[in-house]
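Student: Provide a 3D model corresponding to the input given below.
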Amino acid sequence: MTGNFSAKNSKFFLNYGLEMQVGYVPRMSDMKKTAFHLGLVAVLMGIFLVGCDDYENGPKISFHTKRSRAVNTWKAEYAYRDNVDATAWYKDWKLDIRDDGRILISDLDDRDSVVEQNGFWDFVNNETEIRFLYSVPAVNPDRKNVTILRLMEKQLWYRDVTDTATWEFHLIPADSSN
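Tutor: Predicted coordinates:
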């Protein structure tokens with residue numbers, strides 16, 4: 001009689017009014033686990049997406065730290081002074097942001113001689129701004145905060161508001177061609 005077993009005639013199926021279906025029938029505990037996991041993923045994605053939207057122009061999501069994205073030698077792709085294109089003034093300008101917290105700004109003067117400004121940098125105001133502290137040669141003011149508009153591996157955009165003008169810089173890695 002062992003070969004004649006039928007699930008439809010078993011006491012378990014008859015007592016609970018269950019019908020036999022072809023294939024896997026998920027148990028209630030499996031469905032609860034799946035619902036829990038989907039809910040957890042949705043909550044984590046919501047937190048992650050809200051947490052990564054720090055800058056006006058993005059990115060929304062990045063798998064690199066802000067510091068690793070900022071560290072680079074940058075050149076001006078575009079520069080604007082009060083919304084007027086001033087990129088030509090910055091054609092030889094470079095900003096070297098280093099992982100050890102130092103910066104080196106270099107440019108050519110009117111006689112095509114290299115002029116350098118040394119200093120330090122760090123994030124401030126919940127990493128929405130970068131503070132530049134200039135050391136050698138001494139300048140006045142010796143520090144400034146710039147507002148980060150976009151920070152990606154190959155783009156750094158920031159706004160610098162001074163007493164006389166609002167500057168916006170769109171920087172790209174110095175080793176890229178524009």
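Student: any idea how far the helix or strand hosting Ile105 is from the chain center?
Tutor: Assigned by DSSP states H and E, Ile105 falls within strand 102-108. Centroid separation for strand 102-108 versus its chain: 24 Å, with C-alpha atoms, centre = their mean, to the nearest Å.
Student: and if you look at stretch 76-90?
Tutor: Using C-alpha atoms, centre = their mean, the offset of stretch 76-90 from its chain centre is 24 Å.
Student: can I get the strand holding Ile105 in PDB? Just the C-alpha atoms.
Tutor: The C-alpha trace of strand 102-108 is given here as PDB (Å, rounded to 0.1, in the frame of the first residue of the first chain):
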ATOM      1  CA  ARG A 102      47.700  70.200   0.800                       C
ATOM      2  CA  ILE A 103      46.800  72.200  -2.300                       C
ATOM      3  CA  LEU A 104      49.000  73.700  -5.000                       C
ATOM      4  CA  ILE A 105      47.500  76.300  -7.300                       C
ATOM      5  CA  SER A 106      49.600  77.100 -10.400                       C
ATOM      6  CA  ASP A 107      49.100  79.600 -13.200                       C
ATOM      7  CA  LEU A 108      51.100  81.500 -15.700                       C
END
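Student: just checking: what are the partner strands of it?
Tutor: Counting by DSSP bridges, the strands paired with strand 102-108 are strand 94-97 (antiparallel), strand 114-124 (antiparallel).
Student: what lies in contact with the first one?
Tutor: Spelled out, it's strand 94-97. For strand 94-97, contacts defined as C-beta atoms under 8 Å, 6 or more residues apart in numbering pick out 70-75, 103-107, 121, 171, 174. Glycine gets a C-beta too; all of them are placed from N, C-alpha and C.
Student: reformat these as JSON lines; add neighbour count, distance to Ile130 and pLDDT.
Tutor: Listed next are the contacts of strand 94-97 as JSON lines, based on neighbours: other C-beta atoms under 10 Å; distance: C-beta to C-beta, whole Å; pLDDT from 0 to 100:
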{"residue": "Ala70", "neighbour count": "21", "distance to Ile130": "7", "pLDDT": "94"}
{"residue": "Val71", "neighbour count": "17", "distance to Ile130": "11", "pLDDT": "96"}
{"residue": "Asn72", "neighbour count": "21", "distance to Ile130": "13", "pLDDT": "96"}
{"residue": "Thr73", "neighbour count": "15", "distance to Ile130": "15", "pLDDT": "97"}
{"residue": "Trp74", "neighbour count": "23", "distance to Ile130": "11", "pLDDT": "97"}
{"residue": "Lys75", "neighbour count": "18", "distance to Ile130": "17", "pLDDT": "97"}
{"residue": "Ile103", "neighbour count": "18", "distance to Ile130": "9", "pLDDT": "96"}
{"residue": "Leu104", "neighbour count": "14", "distance to Ile130": "15", "pLDDT": "96"}
{"residue": "Ile105", "neighbour count": "17", "distance to Ile130": "13", "pLDDT": "94"}
{"residue": "Ser106", "neighbour count": "16", "distance to Ile130": "18", "pLDDT": "95"}
{"residue": "Asp107", "neighbour count": "16", "distance to Ile130": "19", "pLDDT": "93"}
{"residue": "Trp121", "neighbour count": "18", "distance to Ile130": "6", "pLDDT": "97"}
{"residue": "Leu171", "neighbour count": "24", "distance to Ile130": "11", "pLDDT": "97"}
{"residue": "Ala174", "neighbour count": "15", "distance to Ile130": "17", "pLDDT": "94"}
